[in-house]
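# need a 3D model of the following:
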Amino acid sequence: MTTRTRGLTLAAVTACISGVSIWVNSHGVAAYGDATAYTTAKNVASALVIAAVWMIARRLTVEHARGVGPTAFTRPSTARHRWAYAYIAILGGAVPFVLFFQGLASTASTQASFLHKTLVVWVALLAVPLLKERLTVWHGAAIALLVLGQLGLAGGVSLRLDIGTLLILAATLMWAVEVIVAKRLLTGVTPWTVSMVRMVGGSVALLTWALLTGALPAVVPRTGDQWLWVAVTGVLLAAYVLTWHQALWRAPAIDVTAVLVLGALVTAALSGAFNAAPLAAQAPWLALIALGGGLVWMAPRPAATRRPVAT
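Numbers count the residues shown, from 1 in each chain. Model prediction:
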């Protein structure tokens, strides 16, 4: 199995986790009430899970004693590293989460889902000039099918830019830039480092904002159900972030972002099984998404790819 294939396989795992998370979060945010408090609580839970898993992984690796190896935490050594860490923590792991969930509270969920799934388009536009990735005919056809499938699932989208739409669009653009920053960073630091910076640094930023705005008491779960939602969604987010950065380490940013759209198949299946959503009407659009994901998988291997770092 090639490095790219391992990366795409991990991206497929991330897509499955994403599909489950979207369905679970739609129920969790309703149970919590306050969208910003909810996302802060689950992000903190995710950071704790990632930190715990990282410490266990470090204990199990031979290189632990020497501070090297794939589980090593790479300290920022240059100004470029420090700026990249700051972007990933604040404009990747904090601000866009707040924007997205606030936007979700004031616009149609179908509109929000479609805008979020355009992430692959923005990443492709940025990855070609900034990462020198190839955008082949296979990629162009795949992205067209993925966008068309998402548009069909959404039942069309409004061109009216209300405040909710603008917030979600802003969050999606921040995450697209984060993918580019993370991909460049991964040529010199480990995926574990990027995951830790994103979720631990982002959680500190979110808690600081909650403290300054007097919203900190609302972040702490008050009922057993809220604790359960935070725990479940925190574990899912941790799994998503860890597998996502491992995939991005091994495969081109355009490829892994396109494969991530396959999460829509999982969300649709869960909605059909538990919410009685009409899958038959969605089947043609889901087939387009599956075909788009397949085209990415079959796209010609890049002539030259950045080698993952050894430490």
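
# C-alpha from now on. contacts and neighbour counts both.
OK.

# for stretch 253-272, what is the average pLDDT?
Taken as a whole, stretch 253-272 has an average pLDDT of 89.

# just stretch 290-307 next, same as before
pLDDT averaged over stretch 290-307 gives 74.

# how about the helices in the stretch 101-250 of the chain?
Taking DSSP state H, counting those that start in this stretch as the test, the helices found in the stretch 101-250 of the chain are 109-117, 119-131, 137-154, 163-185, 191-196, 202-212, 216-219, 224-250.

# export the first one as PDB, just CAs?
Going back to what we said before, that points to helix 109-117. Output of helix 109-117 as PDB, limited to C-alpha atoms (Å, rounded to 0.1, in the frame of the first residue of the first chain):
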ATOM      1  CA  SER A 109     -29.300  23.400   8.100                       C
ATOM      2  CA  THR A 110     -29.300  22.400   4.400                       C
ATOM      3  CA  GLN A 111     -27.700  25.700   3.400                       C
ATOM      4  CA  ALA A 112     -25.100  25.300   6.200                       C
ATOM      5  CA  SER A 113     -24.300  21.700   5.200                       C
ATOM      6  CA  PHE A 114     -23.800  22.700   1.500                       C
ATOM      7  CA  LEU A 115     -21.500  25.600   2.400                       C
ATOM      8  CA  HIS A 116     -19.400  23.500   4.700                       C
ATOM      9  CA  LYS A 117     -19.000  20.800   2.000                       C
END
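
# quick check: which of the helices of the stretch 101-250 of the chain is buried the most?
Mean neighbour count (mean count of other Cα atoms under 10 Å) peaks for helix 191-196 among these, with a mean of 26.

# okay if I get the helices of the stretch 101-250 of the chain as a markdown table plus distance to T36?
Output for those, formatted as a markdown table (distance: least, Cα to Cα, whole Å):
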| stretch | distance to T36 |
| --- | --- |
| helix 109-117 | 16 |
| helix 119-131 | 22 |
| helix 137-154 | 25 |
| helix 163-185 | 13 |
| helix 191-196 | 21 |
| helix 202-212 | 9 |
| helix 216-219 | 8 |
| helix 224-250 | 13 |
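
# of those, which is nearest W285?
Judged by Cα to Cα, the one of those that comes nearest to W285 is helix 137-154, at 4.4 Å.

# A269 is nearest to which of the helices of the stretch 101-250 of the chain?
That would be helix 137-154 among the helices of the stretch 101-250 of the chain, by Cα to Cα, at 12.7 Å.

# quick one, what contacts P96?
A170, A171, T172, M174, W175 (Cα atoms under 8 Å, 6 or more residues apart in numbering).

# surely the third one meets A112?
No - in this structure, T172 is not within contact of A112 by Cα atoms under 8 Å, at 9.9 Å.

# mean pLDDT lowest where, among the helices of the stretch 101-250 of the chain?
When I compare those, helix 109-117 is least confident, with a mean of 76.

# show me what that one is packed against.
Packing partners of helix 109-117 (3 or more Cα pairs under 8 Å, 6 or more residues apart in numbering; DSSP states H and E): helix 137-154, helix 163-185.
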